[in-house]
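*Asks:* 3D model of this:
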Amino acid sequence: MRRLRSLRWQLLLLIELAILIGMGALGTVLSAAVRRMYLAHLEERLTAEARLIGEALAPAMASGPSGGSPDAEARRYAALLGAQVTLIGPGGTVWGESHEDRARTEDPLGYPEVQQALAAGRGTNVRFSPSVGSEMMYVAVAVEAEGRVVGIVRVGLPLREVQESVADLQRAAGLAVVFFAGLMGALVFLRLSPCMGAIRDLSDGLERLASGDLEAHVLPRTNDELGDLARAYNRMADWLRETIGILREEQARLAGLLERMTDGVLITDSEGLVRLINPAAARLLEVSPEEALGRSFVQVAWDHRLVDLWEACRKRGEEGAEVIDLGPRRSVVFQAVVMPLEGERGTVLVLLQDLTRVRELEAVRRDFVANVSHELRTPLAALKALVETLQEGALEDPQAARRFLERIGTEVDRLGRLVGELLELARIEAGRTTLQMARVAVAEVVEPPVEELRPLAARAGLTLTVHLDPDLPPILADVDEMRRVVANLVHNAIQFTPSGEVAVRAERVGDEVVIAVRDTGVGIAPEDLPRVFERFYKARGSRSGGAGLGLAIAKHIVLAHGGRIWAESAPGQGSTFYVALPVRE
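*Replies:* The predicted model follows:
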């Protein structure tokens, strides 16, 4: 607003100054012209009057000074004309003076007008007269008689009237200038008001647009160029709003994509500074996005192999890739792909593809094959040994043959159970097992498998107890699958408890029903506890004859029900396995 007011007053001041300068120059020219006109008119008048005096005094001046008084004649003519009259002889002697003392009069031949009169017959000069105290116009005319110059008549008149007339004209011109300047200033001010208003609206609109208000519009006040400018601004604001909206949508999509990408994305500029990094890349490089932005890639990518790859691709301008295994310091493996971006000199895109899970799956696959091979090798070796024993003559002994055949049947059953468990685990992990979900009481899930295993506990000399909270709500579960989970946990507790008690409890905790199987057996070492639910995993020192698949199957069944399973244990103090299922009321 202040700038607009300043612009308005600057324009007004410039226009007023131009008017004043123009009118002042015009007044000066007119004053000079009027002065010249007055002086020319006065010169003609004084010339005529001097000639009249010369004609009247020519005979007397031809005969030279006489006994008469030339001063009296000069004063007489001066009184008639209202001017100063000087009569000069041909030799330069002042014969008569109307206003000054002849004794004090300077040599008249030194005056320019007198010299001009002697040379050309008439002379004129304007100069300041100290005796009169103002400018004087002097006109000198040569007086001739009988063909010769007999004297000079000089008439002088003060220019006070001329000066007053010129001053009056200048005052009138000054008043006219002031009036005209004021009138033009008012007209210009009134005309500038809508223009300044339109400019102010445009300025306000641009400030709002610059501050982020994309809805800022301007109402055209005029139909001239400023109105066209306001309409053009509105079109620009609409286009800018649409463009920014599209860019924001694209940016939001890109940001969402980068946020959800499992691969790391990082972009560096021509100076090697990080300009973009997504959470996946920040996680792989162990930095926060806020810390990485604006820093050098060398500071962000701490691994020298990644830095070397990045620098090499930048220099060559070619794409490069390398698998980087961080080794024992961090169990992370990723593939780095570095691509210089076309059209943006020095800008580089770095893709980090996390291969850690792939390597882990490869390791799991290798372990799985090794474990399966190991688990199959034992019964197969036993079967081969039994068959070879029978072939070597045991068939001739009916009792031995029967005993060997029973052992062969046991090993075949063991192989059948192993293959069945493997197939079951494969179906569960692949999601091909369909659960028959139904609302059931917790007792229907817990009590039947416990009762089936009670004889086994009795043969092992263990006490098997069950305690179910009477207010337990029903759960949504596949009865057969959940019974299998409970049976597996109770069977393991019996198997790893030399003496003491196995207790099964169920109670409600928050929005879950928690089933706990506690034993007083040998317990699980801390280093083995996190891995007890892995396939084929067996704790060190375990004498179990199983394949190590029961807990893995139980875990997948519980997870398929939307529940949780975990274990707590300490060596020599027994173990407790927990299954938590959501309440379905």
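*Asks:* what residues sit buried inside stretch 577-585?
*Replies:* F577, Y578, V579, A580, L581 (16 or more other C-beta atoms under 10 Å). Heads up, the C-betas are built off the backbone N, CA and C, glycines and all.
*Asks:* what is the burial count for the closest residue to S499 other than its chain neighbours?
*Replies:* Leaving out its chain neighbours, the residue that sits closest to S499 by C-beta to C-beta, 6 or more residues apart in numbering is G461, at 6.1 Å. Neighbour count of G461, defined by other C-beta atoms under 10 Å: 10.
*Asks:* what is the burial count for the closest residue to S98 other than its chain neighbours?
*Replies:* Leaving aside its chain neighbours, S98 sits nearest to A78 (3.6 Å; criterion: C-beta to C-beta, 6+ apart). Residues lying near A78 (other C-beta under 10 Å) number 20.
*Asks:* ok, V126 touching M136?
*Replies:* Yes: V126 sits in contact with M136 when judged by C-beta atoms under 8 Å, with a separation of 7.1 Å.
*Asks:* okay, these two: which has more neighbours?
*Replies:* Each of V126 and M136 has its neighbours counted (other C-beta under 10 Å); M136 has more, 19 against 16.
*Asks:* helix, strand or coil: sort out that one for me.
*Replies:* strand (DSSP: H, G, I helix; E, B strand; the rest coil).
*Asks:* partner residues bridging it?
*Replies:* When bridges are called by DSSP bridges, M136 pairs up with R127, P158.
*Asks:* so which helix or strand takes in the most centrally placed residue in the chain?
*Replies:* Central residue check for the chain by C-alpha atoms, centre = their mean: the C-alpha nearest the mean position is that of G212, 10.7 Å away. Assignment of secondary structure by DSSP states H and E places G212 within no helix or strand.
*Asks:* per-residue confidence for it?
*Replies:* What the model reports as pLDDT for G212 is 71.
*Asks:* need the residues that contact the helix or strand harbouring the residue nearest to S98.
*Replies:* Applying DSSP H and E as the criterion places A78 in helix 70-81. With contacts defined as C-beta atoms under 8 Å, 6 or more residues apart in numbering, helix 70-81 is touched by 49, 53, 57, 60, 84-87, 95-99, 102, 155.
*Asks:* after that helix, next one along is what?
*Replies:* strand 84-88.
*Asks:* sorry, back to before: buried among the contacts of helix 70-81? Need that as a selection in ChimeraX.
*Replies:* Buried residues among these (16+ other C-beta under 10 Å), as a ChimeraX selection:
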select :49,53,57,60,84,85,86,87,95,96,97,98,155
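*Asks:* so among the contacts of helix 70-81, where is pLDDT lowest?
*Replies:* R102 (60).
*Asks:* so which of the buried residues of stretch 577-585 belong to helices?
*Replies:* Counting by DSSP state H, no part of the buried residues of stretch 577-585 is found in helices.
*Asks:* next step: those restricted to strands.
*Replies:* Using DSSP state E, the subset of the buried residues of stretch 577-585 located in strands is F577, Y578, V579, A580, L581.
*Asks:* do I have it right that the fourth one meets G510?
*Replies:* No: between A580 and G510 no contact is recorded; they are 9.2 Å apart, counting by C-beta under 8 Å.
*Asks:* okay, and the common contacts of those two?
*Replies:* Common neighbours of A580 and G510 (C-beta under 8 Å, 6+ apart) do not exist.
*Asks:* what packs against the lengthiest helix in the chain?
*Replies:* Secondary structure of the chain per DSSP H: the longest helix is helix 2-62. The contact analysis (3 or more C-beta pairs under 8 Å, 6 or more residues apart in numbering; DSSP states H and E) places helix 2-62 against helix 70-81, strand 84-88, strand 122-129, strand 134-145, strand 148-158, helix 160-210.
*Asks:* that one vs strand 122-129, what angle?
*Replies:* Orientation note: helix 2-62 sits at an angle of 120 degrees relative to strand 122-129 (axes from the mean of the first three to the mean of the last three C-alpha atoms, to 10 degrees).
*Asks:* next, the angle from helix 2-62 to strand 134-145.
*Replies:* Computed with the same axes, to 10 degrees, the direction of helix 2-62 lies at 30 degrees from that of strand 134-145.
*Asks:* per-domain residue ranges of this protein.
*Replies:* 2-165, 261-353, 359-429, 438-582 (automatic domain parsing).
*Asks:* for A441, what are its contacts?
*Replies:* Residues near A441 by C-beta under 8 Å, 6+ apart: L472, P474.
*Asks:* quick one: E290 and R248, what's the gap?
*Replies:* From E290 across to R248, the span is 22 Å (C-beta to C-beta, to the nearest Å).
*Asks:* go on, A506?
*Replies:* 54 Å.
*Asks:* now swap in R76 and tell me
*Replies:* 107 Å.
*Asks:* now tell me which helix or strand of this protein has the poorest mean pLDDT.
*Replies:* Least confident element among the helices and strands of the chain, by mean pLDDT, DSSP states H and E: helix 356-391 (a mean of 65).
*Asks:* if I pick A506, what's in contact with it?
*Replies:* Counted by C-beta under 8 Å, 6+ apart, A506 has contacts V442, V446, H467, L468, D469, L472, V513, V514, I515, A516.
*Asks:* so which of those residues comes closest to G227?
*Replies:* V513 (76.9 Å; C-beta to C-beta).
*Asks:* is that closest one in contact with P473, as I believe?
*Replies:* Yes: at 7.0 Å, V513 counts as touching P473 under the criterion of C-beta under 8 Å.
*Asks:* looking at those two, which has the bigger crowd around it?
*Replies:* V513 (25 against 14).
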